[in-house]
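*Asks:* Kindly return the folded structure for what I paste below:
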Amino acid sequence: MTGFFSFIFFVLVPLAIGLLGIYLLIDLFEYLKKNHTSSYSQLCYASLFGISAESFFLHLIKPHELVRFLISSDDLQDGNVKIYKKRIRLCLLALLGLFVIYSMWIALT
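*Replies:* Numbering: from 1, shown residues only. Below is the predicted model of the structure:
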């Protein structure tokens, strides 16, 4: 029984939270691309390895700009962006909490 619990808690729950976070990030970038093009252009590279961003399947995200955008209180005067940012922060906080619990679990065993 403890093996099954460990599988659910240490594999399935982080996987589900991580997939939800990825989905929310993709949805946020699609929303920014449609409604806030200037913010989208600040968060994404114009080209990578000489290939334009329009030719890529995924968004060419600048990680340092994304973290700065998620931490900042600027919500672009848009309620949807504020909700997206809050949900993404909650996903990251949940993953961090699970990592701490997992680290404590390993340290105690």
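*Asks:* For the rest of this, base every contact and every neighbour count on C-alpha atoms.
*Replies:* Will do.
*Asks:* Would you state the helices of this protein in chain order?
*Replies:* Secondary structure of the chain (DSSP state H): helices at 2-7, 13-35, 37-43, 63-71, 79-108.
*Asks:* Helix 63-71 and the second one, what's the angle between them?
*Replies:* With axes from the mean of the first three to the mean of the last three C-alpha atoms, to 10 degrees defining the directions, helix 13-35 sits at 90 degrees from helix 63-71.
*Asks:* What lies in contact with helix 13-35?
*Replies:* Identification of contacts with helix 13-35 by C-alpha atoms under 8 Å, 6 or more residues apart in numbering yields 39, 40, 59, 81, 84, 87, 88, 91, 92, 94, 95, 98.
*Asks:* Skip the chain neighbours and tell me the closest residue to the first one.
*Replies:* The shortest distance from residue 39 to any residue that is not its chain neighbour, by C-alpha to C-alpha, 6 or more residues apart in numbering, is 6.9 Å, and that residue is residue 32.
*Asks:* how deep is that neighbour tucked in, by neighbour count?
*Replies:* 18 (other C-alpha atoms under 10 Å).
*Asks:* ok, now how distant is the residue lying closest to residue 66 once chain neighbours are set aside from residue 67?
*Replies:* In space, and not counting its chain neighbours, residue 66 is closest to residue 43: 6.1 Å by C-alpha to C-alpha, 6+ apart. Relative to residue 67, residue 43 is positioned 10 Å away (C-alpha to C-alpha, to the nearest Å).
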